[in-house]
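Participant: Next input, structure requested:
(one chain, ligands or ions: 1)
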Amino acid sequence: MTNLKVHHIGYLVKKIQQAIGEFQHLGYQTVSGVTHDHYRNIHICFMEKDGYQIELVSPADTESVVSGLLKKYKNSPYHICYETPDFDADFTSLVQEGYTAIDVPTPAPALDGRRVVFLMNPFLGMIELLETAAP
Ligand code: NI
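Facilitator: Below you'll find the model as predicted:
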């Protein structure tokens, strides 16, 4: 699947404003405002340094999809997101190759409403698939 391009590294953080400040201190710059993703009940902010983009994700409340992950992993990177122009075909292939979809493709408000889906692989954990352009 050579058409996959790394888009960002997802980074779980407990407190997004404090995390933004700490990453700025390390030389990262914000490339978006803090967005509330109401589908997943999380706050998101994209930051960039040296061509690497990170996505800070924090729970908007205790019912958020990432609250459980944060308890388990604490503040830490937890997924790599791959962008593809062939979203539907690649999603189908990954599932056929043994990845398990852990949600259904859903628009991401922080990414212009482009669809994303999360998948688990027994050997490399969680990945995110992102479509290159909105349908
Ligand atoms: Ni992500």
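Participant: name the element residue 119 belongs to?
Facilitator: With elements delineated by DSSP states H and E, residue 119 resides in strand 114-121, which encompasses its position.
Participant: Which neighbouring elements make contact with that strand?
Facilitator: Judged by 3 or more CB pairs under 8 Å, 6 or more residues apart in numbering; DSSP states H and E, strand 114-121 is in contact with helix 87-96, strand 100-101, strand 106-108, strand 125-131. (C-beta placed from N, C-alpha, C; glycine too.)
Participant: just how off-centre is it within its chain?
Facilitator: Offset of strand 114-121 from its chain centre (CA atoms, centre = their mean, to the nearest Å): 9 Å.
Participant: how about it: buried residues?
Facilitator: By 16 or more other CB atoms under 10 Å, the buried positions in strand 114-121 come out as 114-119.
Participant: Can you check what angle separates that strand from helix 87-96?
Facilitator: Taking axes from the mean of the first three to the mean of the last three CA atoms, to 10 degrees, one finds strand 114-121 and helix 87-96 inclined to each other by 10 degrees.
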